[in-house]
Structure formats: C-alpha cells, structure tokens
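[1] model the structure of this input:
(3 chains)
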Amino acid sequence: MPSPPKPSQTSPSLPVVEAVELTKIYHRGREEVRALNAATFRIERGEFVAVVGPSGAGKSTLLNLLGCMDAPTSGTLRITGQEVQGLSDQQRTRLRREQIGFVFQHFGLMPTLTVAENIALPTLFARRRLAQRVDELLEQVALSHRRNHRPHELSGGEMQRVAIARALVNNPQMLLADEPTGNLDTATGDTIISLFQQLHQAGLTVVVVTHNTPLASATQRQLTLRDGRVD
Amino acid sequence: MAKTQRKFWYVGVGLLLSTALLVQWRSASRVPLTDFRVLPLRHHIEGASLCPWRQPEADLHAFFPTATRYDTQSPILSSLLVDIKERLGRWLTPDENPLYLHRVYRNQQPLGTILVRRVKGEYGAIEVVLAVDEQGKVRGLKLQRLREPEPIAQTLRSPHWLAAFEGQTADSHWRLGEAVPEVRAAAQPSAQAIVEGVRSSLILLDVIRHNKT
Amino acid sequence: MLLLALRNLTRRPLRNALTLSGLAVAVAVLACLSAFGQGYRSQLGSELDRMGMQVMLVPLGCPYDAAARVLKGKTLDNSLPASALTLAQHDPAVAVAAPLLMVALPRPSEGRTDMWVGLDRAALPLKPWWRMKSHVTPGSNWFPSDDSVILGAEAAVTEAREPGDKFYSPETGQTLRVAGVLERSGTSDDSLFFVPLATAQKMFHQPGRLTAIALRLRDPALISEATTRLQRIPGAQVVTLTEMMGTFLNLVGSVRTLLLAIAVLAVTISTLSVFNTLLAAVVERTGEFSIMRALGASRSQVFGLITIESLLLTGLGSACGMGLAAGLGYGFENIVKQWVPFAPSGSLLSLTSSVMLRCILISFGVGIGASLYPAWQASRLHPADAVKMD
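    I've put the predicted structure just below:
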C-alpha cells in the first residue's frame, strides 16, 4: 500500500549496502573492543533483511554504520554505491538525510509538534517543502484523522506509524529500523510488521535490527551476527 | 592649584549637603527647595487652581473618626452650571470650577464628603477644608493654610467661630451675623471670603447630589 | 525552524516566563537609565542656557545655613561682605553685577516654604524671561514702591493674589502690596516672592548683607581671567555656570554610574539566566537533538535552532522591557528626581529611538552570547546517541 521510494539517484543494479571486511573497534580505557570484526555482506535493492543476534553481537554498531552515524575503523562500506569511510560529518549527514529513513524503538517523536509536523520534520532539515507528500503518507499510515494531534495523544502503534511515515518523507533508498516492535504489544507489533511487508512489496529496501522472532521470520533473509562476525 | 582644589572641595561638600537637605525638606514640606541662587527650580505644579488636601489622614480622623477610607471624584459641572447659578446667585468663577470631592466611607457605607477650597483672604490665600455629612450638613471646618496677620488669624481659627459652621446646610442664611457669628471689622473681608467659599461649596455639593438622585 | 523554536519555548512556560521577566526588568532598567542620562543632560543644558549670567559670587560655606539663622533672628554668617559687590562691579570684565539676598522660610505645619528674593534693579538684565502678566503700573517691570512684591506665576495662584492685593509675611510681620505677577517661565521664579533688595534686607534684619552676586561678563571668553580676579575677593567664592553644570553632571554621573552598575548586573544576571534556561533545555532534550541529527539535521541547523530559541526569548524579553520602560518610566523618573540634585523642570526621560535601538541590540547580544555554549553543546551531540537512547 505505501508508495515505494523512487530509486532514481543510483543505478538499480548496485546493491544498497555493500560491506567488505567491515571492522569497528571501540576503545574502552586500554581495552580494545572489536564490535564488528571483518563483516562482509550485501543487501540488494528491494530486500527485506533482519539483522539478528544475541546481545553484544554488534547489532547496534552495524546499525550505526549502516545509518552513516559512525565511520568504520577499517574495511569498505558502500551505501547506495557511495563509500562511507572518509566522508566528513556534513557529507554523512547529507547521505543519511537523502538515502536513509530511520525508525527507532522509542519512536523519537518531537513532543511539541503535531503528527503532520513530526512527519514533515526531515523535510525541514532537507530544506524542502513537501506538504502533499505529508498528506499522502498520513493517508498511507491511516492517520489522516490524527494529523493535528500531539504524540502524547496517540497509542504506541500510532506513534510507530507516525515514525515510519516520517522515515519515508524524504523518499529514502533504505528504511533502517531498530527494534521497531520492541515497545509494542503483539497485536500492534503485527500491524507494524505487515506495514514493513507492504513497504518491501512496494519495492523499498528494509533492514530491521531485532530480537523479535515474528518480525525476523517475516523478512526475506536474516543476517546473523555473532561476536562481531556475520554468519 | 591648591586653591582651585579647595574651591572644588567646598562646592562639592556644599552640593552634597544641599542635596541631603533638598531631599529631606522636599519630603517634609512637599515644596521643592533648591539652591535658587543659581539654578531654576523644578517648579511646583498644583494644577490650575485646584487646592491640594494637605493632611488627609489627620482631617479624616478629626471629621469622620470612624472612616476607613476615602476616594476622590472629579465631577464634571458643565451640565449643572445653570442650576448652580440659580442657587448661587452668580456664575461660578474659574477658580471654583475644577472640583475634587473626597468621598469618605466606613467600609462600603458612605459617611460624607470633604471638599478643599482656596479662597481669597485679605492678605493671602486661605485654604478651607470642609467636611459635609450625607445629609448635606457641615460636619466641620478647618483652615489648613492662611497668611493673615495674627489677630485676624486668631479670630478666624477660633474654635467658637469655626464651630458655628457645624450643622449648617446649603440653605442656611449665609451672612456674617446670621448663620455664623459676626467678627470684628479687621477680620471681616477674610471671614466673608470663607463664608462665601463654604456656601458655594455646599451649593455645588447639593446640586450634584440632587442631580444624581 | 522558527515554529519549532517557538513550540519549544512553550514547553516550559513557567521557567521561560521567569527568564523572560528577569530579562524584561533588566532591559527596562537599562532603557530608563540610558534615557534618563540623555534627558537630564539636555534639560540641564537648556535650563542653564536660559540663565542670563555666567558667574555667581557666593559666600564661603554652606548657603543653607542662611534660612536657619534668619528664622532665629540671627545675622547671616555666610553672607557676602559689603565690599564684594563694589569689587565685583569694578572688575573690568564684569558687565552686570546683581546683588541678591535670598531667604527660604519653611513652615512645615502648613506644608509651605516661603521663598523670598530681594533683588536690585541690576538683576533685570539677567532675567531676560521676566515678563509681567499683570501689574499695577503698566509698562513697568519693576517695583513701584519699597513695600511692593512681585509674585511668580505659581506663587500667585497658590496665594490667590492679583496685582493691587495685600500680601502678608507672617514671619516678619510685613504687609506688602502685589505690584505684579510674572508670566510662567518654567523656572524657579514661578514659585518665588520678589521684593526690592533693601526691603528684603530690612524684613529679615540683614542690612547690607547679600547671599549672592550674579555676574554677567562683557565677553564670555573672559571667564577664566575674570574668575582668577574675582577669586581674590575675600570671603567669596566664584562658581561659574559651566563649572556648576559640570559638578552636577559629575554628581549625576556618579549616581548614574552606580545605577548603571546595577543595570549591568541585572543584564549579566539575566544573561546567565537565559544561559541557564537554554543549557537546561539542551540537557533535557539531548535525545531529541540526537534524533534530529539522525533524521538529517546538520550541526549548524541544531546550533541555529538553539540560537533562534534564545533570540526569541531575548527578543520577547526586550519587547516587554521596552513596554515596561515606557509604561513605568515616569514612575521611575519621579523616584530618580528625588535622588538627583536639581532636577530640571522638563521630562528627564527621553526614550528616543536610538536609546531603544541600543537596548534592543544589547538584548540581542545577550541572546546570542547566552546561546553560544548551549547551542555548541547541542550541535556536538552524536546521532548514534539516538539509537543508544533506545
């Protein structure tokens, strides 16, 4: 049902994510923590992928790298064909803004803004005015009647739908979701899962990081992380 | 050089002292006093000819001991001028026209009115504070300021003479020797001015009151 | 962005209102003080310009002693010696030397102070604004007899006197006849009683005594050499008007410096309060800023958002402050007038556009200054914190 992004900026043949020997090392005092250890994988355009694995396996680190919120220590990471390492903060911000949509576990809605304003927020940062797109998305997530409500007036499922609409407003290449059903009851979680499936069917690349089995099993493919490695 | 410094020192100390005096006297007398040798005063404005009520607390206590508060009204007389002329037997003078009525209350209950008038005494202004009860009877009279020579001032301020005003109304026979006792010849012009001031004030008040009802 | 900033300000209404009112008071004080300084200087200047003299010769010591001594029937200690007038009149630079005897007789019981000035005909050229509104002898600006008095416009109203009326001085027992009433001049003359010098000296039992000699020079350029010579007259000190003005301005200057220090303190405190409000808001909203960064907000956009919030806060504060200054400025003026020596008759407060502009600029400076650190803090937040927060 939701409209697919328009993958016009990159060649359709290129993978959305291409990671080769991707390594991220953190330093905790003198200790060296290898959060991601030479992970190599690809995510093709239009794929619905779940990143799974036990706690501490490197899921969050991978999410940060895929979301261009952090730079890898070594290895190569290409997002929609563009190499991430070596990009400045400003360039990474632009890549994030234009190519990636984020959905957080705790929704991350601005409490002072209305539903419509929350959805439009990323367009403000991109200096675009897309009033029509906001209306479209409101309709797609079935929240047109809630457009002038504040987040505290919504249910958890509604908040997550707003967050998904917000992630889609800039027409990203990839939707990146961090435990999107983690804060929802099973029934509401199921509606969110089906929303992701619809987006995937409409051609959007969706990557979810999750512990949730029903969500992981609803995806096409699972990337299992263990001790910083992709199995 | 030393002499110049000393001069500045004197001037400085003089100015500081005068400032202190200035502040003290100003607050005590409400009349600006300044080093008028050199500089112009901030002139003291009392409005066109409106006479200030100088000791409201003391007067209230004397005339209306049970009063708890007062407020000040400024009625517009223009529509009443013909009525007033009829009662007064003459037009109001420009001095009489602006009028403040200080209405006195015990909580919400009105007790009376205080009017302050400046009349023309023989030797200077005489400021009359007139207290009138709700029935229009004089409750009391005080001369808050006058600059008549001592024997005249004594006559005018004598309790006997002032007490004669009490209980009088706008319709009393306002002539020396009738409503109020006669005074000796020297005091007559000023006494007459006070009597006329009281009469005109009572008539004004009466006309305003009737007009309201 | 503006909407977002505005919405954020409504988030903590009480805290922001308190910050805003602090800022408003600081701006109002600052505006009033700047306006007051300018107004005082120009009013004092214009009043001094209207004086017909350049130099005063006054006795050594405190002039206010005079009133007290006269009341007690004592002779004046601090009057000028008789020789001073002759010496001053003979000075080559002096065009007019007008002897004056001034006595203030306070009567607190009646809330009155009679201010008597005895003057010589020589004083007339020094009072170019003297116009008789009405008088007994038309065409004359002077006393027709020794027992006549000329009243200032205000004094005539307060005393209900007209030309030809009797006027009595209870303290001295003297009955005078009103020779004329002066036109309103806006100077101290409006409240004074003028009598011939000899009459004043007789009334107050001060024969031959003077409290001041007003001098006009042939050429104002001669002022310094004339001052040097006049300074040598025994028992007298020379005060020039420019010096007088300078002294007043210095005195006012020190009061103003004190008040200005208070204003600077108020502005500093309000800056710190804006700073504190913003910093608290940034700390409170760390998660939101990280999310904004994750959603594609650049560092400069986050920085800008905080700066706009701060400018909105200070802009509103300064608008309220201006309103406060305009509304309560005259009350403030009345308080200040009690403090400063020789409050001129005109309004001391001149809330000109330049004063307002200066205050607005200062408050915007405060806004930007206070927002720098919190905005920098917010812009340094890492987008990955949005995920960690989860």
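[2] does whichever residue of chain B sits closest to chain A belong to a helix, a strand or coil?
    For chain B, the residue positioned closest to chain A under C-beta to the nearest C-beta is residue B:71, at a distance of 48.1 Å. In short, each C-beta sits where N, CA and C put it, glycine included. Judged by DSSP: H, G, I helix; E, B strand; the rest coil, the three-state class of residue B:71 is strand.
[3] please enumerate the helices of chain A.
    Along chain A, counting by DSSP state H, helices occupy A:59-66, A:89-99, A:115-125, A:131-140, A:156-168, A:186-201, A:213-218.
[4] dump those to a markdown table, plus mean neighbour count.
    Formatted as a markdown table, the entries for the helices of chain A read as follows, by neighbours: other C-beta atoms under 10 Å in any protein chain shown:
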| stretch | mean neighbour count |
| --- | --- |
| helix A:59-66 | 24 |
| helix A:89-99 | 19 |
| helix A:115-125 | 22 |
| helix A:131-140 | 17 |
| helix A:156-168 | 24 |
| helix A:186-201 | 17 |
| helix A:213-218 | 15 |
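[5] closest to chain B out of those helices?
    helix A:115-125 (53.2 Å).
[6] what comes into contact with that closest one?
    With C-beta atoms under 8 Å, 6 or more residues apart in numbering or on different chains as the contact definition, helix A:115-125 has outside contacts at A:97, A:109-110, A:113, A:129-131, A:133-134, A:137-138, A:143, A:146-151, A:154, A:162, A:165-167, A:169-170, C:1, C:3-4, C:292, C:295-298, C:301.
[7] repeat that for stretch C:277-291.
    Counting by C-beta under 8 Å, 6+ apart, the neighbours of stretch C:277-291 from elsewhere in the structure are A:104, A:108, A:110, C:8, C:11-12, C:15-16, C:19, C:302, C:306, C:309-310, C:313, C:370-371, C:373-375, C:377-378, C:381-386, C:389.
[8] let's see 6 Å
    Residues outside stretch C:277-291 that contact it (C-beta atoms under 6 Å, 6 or more residues apart in numbering or on different chains) are A:108, C:19, C:302, C:310, C:371, C:374, C:377-378, C:381, C:383, C:385-386, C:389.
[9] filter those down to the buried ones.
    Among the contacts of stretch C:277-291, those classed as buried by 16 or more other C-beta atoms under 10 Å in any protein chain shown are A:108, C:19, C:302, C:310, C:371, C:374, C:377, C:378, C:381, C:383, C:385, C:386.
[10] burial of the closest residue to residue A:96 other than its chain neighbours, as a residue count?
    Ranked by C-beta to C-beta, 6 or more residues apart in numbering or on different chains and with sequence neighbours excluded, the top spatial neighbour of residue A:96 is residue A:68, at 4.6 Å. Other residues near residue A:68 number 26, with proximity taken as other C-beta atoms under 10 Å in any protein chain shown.
[11] what sits against residue 136?
    Picked chain A for this. Residues counted as contacts of residue A:136 (C-beta under 6 Å, 6+ apart): none.
[12] wait, chain B
    For residue B:136, the set of contacting residues under the criterion of C-beta under 6 Å, 6+ apart consists of B:169, B:206.
[13] so it sits in a strand?
    No. Secondary structure of residue B:136 (three-state DSSP): coil, not part of a strand.
[14] ramachandran angles for it?
    Its backbone dihedrals place residue B:136 at phi 90, psi 10, with angles given as degrees, to the nearest 10.
[15] per-residue pLDDT of it, please?
    Here, the pLDDT recorded for residue B:136 equals 91.
[16] now swap in the one 5 residues further on and tell me
    With respect to pLDDT, residue B:141 scores 95.
[17] so for stretch A:50-59, what gets flagged as buried?
    The neighbour-count criterion (16+ other C-beta under 10 Å) identifies A:50, A:51, A:52, A:53, A:57, A:58, A:59 as the buried residues of stretch A:50-59.
[18] ok, back up a step: the residue of chain B closest to chain A: neighbouring residues, count only.
    Neighbours of residue B:71 (other C-beta under 10 Å): 9.
[19] nearest spatial neighbour of it, chain-adjacent residues omitted?
    Beyond its immediate neighbours in the sequence, the residue positioned closest to residue B:71 (C-beta to C-beta, 6+ apart) is residue B:103, lying 5.6 Å away.
[20] can you confirm that neighbour is in a strand?
    Yes. Counting by three-state DSSP, residue B:103 is found in a strand.
[21] distance of residue C:366 from residue B:73?
    Distance check for residue C:366 against residue B:73: by C-beta to C-beta, to the nearest Å, it reads 46 Å.
[22] repeat that for residue C:272.
    Following C-beta to C-beta, the distance that separates residue C:272 from residue B:73 is 49 Å.
[23] same check, this time on residue A:187
    Between residue A:187 and residue B:73 the computed distance is 74 Å (C-beta to C-beta).
[24] more crowded one of residue C:366 and residue B:73?
    The neighbour comparison of residue C:366 against residue B:73 (other C-beta under 10 Å) goes to residue C:366, with 27 against 11.
[25] before we move on, what SS does that one have?
    The three-state label given to residue C:366 by three-state DSSP is helix.
[26] other SSEs contacting the helix or strand hosting residue C:320?
    Per DSSP states H and E, residue C:320 falls inside helix C:299-339. Taking 3 or more C-beta pairs under 6 Å, 6 or more residues apart in numbering or on different chains; DSSP states H and E as contact, the helices and strands that helix C:299-339 lies on are helix C:2-9, helix C:13-50, helix C:353-379.
[27] nearest to chain A among those would be which one?
    When the helices and strands packed on helix C:299-339 are compared by C-beta to the nearest C-beta, helix C:2-9 sits nearest chain A, at 3.8 Å.
[28] quick check, central residue of chain A?
    Using C-alpha atoms, centre = their mean, the residue of chain A that lies closest to the mean C-alpha position is residue A:176, 1.1 Å off.
[29] if I pick that residue, what's in contact with it?
    If you count contacts by C-beta under 6 Å, 6+ apart, residue A:176 has them with A:66, A:67, A:100, A:102, A:207.
[30] kindly report the same for residue A:221.
    Listed by C-beta under 6 Å, 6+ apart, the contact partners of residue A:221 are residue A:49.
[31] per-residue confidence at it?
    At residue A:221, the model reports a pLDDT of 91.
[32] got it, and residue B:162?
    Confidence at residue B:162, expressed as pLDDT, is 94.
[33] thought it was touching residue B:140?
    No. Residue B:162 sits out of contact with residue B:140 when judged by C-beta atoms under 6 Å, with a separation of 7.7 Å.
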